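1. Fold the following.
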Amino acid sequence: MRLALPGRTLLLVAGIPGAGKSTLLAGLPADRGRAVLDSETQRVALRRLLGVLPYAWYRPLVHLLHRLAVLTAAVSATPTVVVHLPATDQRTRAVLARLAAATGRSAHLLWMHVDPDEARRGQCERGRMVPERSFAGHAHRASSATAELLAGVPAGWESVTVLDRAAAAGGLRLDTGRAQQS
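-> Sure thing, here's the model as predicted:
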């Protein structure tokens, strides 16, 4: 999958937990003109710092630090900011579109659509299960989000691309109009 993202852009890669967002982003080639923001970075750092504490105790801090990293990258000079979030709720997607506009970026959305059973298998494969209650909420919201995004591009977004696992299997390339730097 190739996406054209010229100029200052914010790309939100979203979908139900376990959809394959991390796997898709892991295949992106290195590029100094791009910031890829995944909450796993904060989770790993805090796990090293906090040791044996259960993740549930510091999950809110992981989410806060991730959102601060997104804000920092959005206001930075980095041309392309790629944000990894489930964003199954419309409000989160709207806030990110507004953040892109406020920081002079075009907003693009790549939505990973998979059914909940497939997403659960994805979580098992990566060894990071989302609690059942939280997952059920994401699954419910994701169904509505997929329908909304297939119906058209919501206000604030320049483009929306909906992918399933099969379409994402070939990887992702971002055409930014700059020569790629590693």
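2. Now for the nearest residue to Gly152 once chain neighbours are set aside: which residues touch it?
-> Closest residue to Gly152 apart from its sequence neighbours, by CB to CB, 6 or more residues apart in numbering: Val160 at 7.9 Å. Every residue, glycine included, has its C-beta placed from N, CA and C. By CB atoms under 8 Å, 6 or more residues apart in numbering, the residues touching Val160 are His108, Leu109, Leu110, Trp111, Leu149, Gly152, Val153, Pro154.
3. how about the helices in the protein?
-> Per DSSP state H, the chain carries helices over the ranges 21-26, 40-50, 55-75, 90-102, 116-126, 132-151, 165-168.
4. what's stretch 101-109 in contact with?
-> Against stretch 101-109 from outside (CB under 8 Å, 6+ apart): 3, 5, 7-12, 14, 74-75, 81, 93, 96-97, 100, 149, 156-161.
5. Buried ones among those?
-> Buried by 16 or more other CB atoms under 10 Å: 5, 8-12, 14, 74, 81, 93, 96-97, 100, 149, 156-157, 160-161, out of these.
6. Contacts only, for the residue lying closest to His113 once chain neighbours are set aside.
-> Leaving aside its sequence neighbours, His113 sits nearest to Thr146 (CB to CB, 6+ apart; 4.8 Å). Contacts for Thr146 (CB under 8 Å, 6+ apart) come out as Trp111, His113, Val162.
7. Give me the neighbour count for the second one.
-> In this case it means His113. 23 (other CB atoms under 10 Å).
8. That one touches Leu163, doesn't it?
-> Yes. When contacts are counted by CB atoms under 8 Å, His113 is listed as touching Leu163 (6.9 Å).
9. where does the chain have its least confident helix or strand?
-> When each helix and strand of the chain is scored by mean pLDDT, DSSP states H and E, helix 116-126 comes last, with a mean of 82.
10. Enumerate the positions of that helix that are buried.
-> For helix 116-126, using 16+ other CB under 10 Å, the buried residues are Pro116, Ala119, Arg120, Gly122, Gln123.
11. Tell me what angle that helix forms with helix 40-50.
-> On the basis of axes from the mean of the first three to the mean of the last three CA atoms, to 10 degrees, helix 116-126 is oriented at 50 degrees to helix 40-50.
12. Point out the other helices and strands that helix 116-126 packs with.
-> helix 132-151 (3 or more CB pairs under 8 Å, 6 or more residues apart in numbering; DSSP states H and E).
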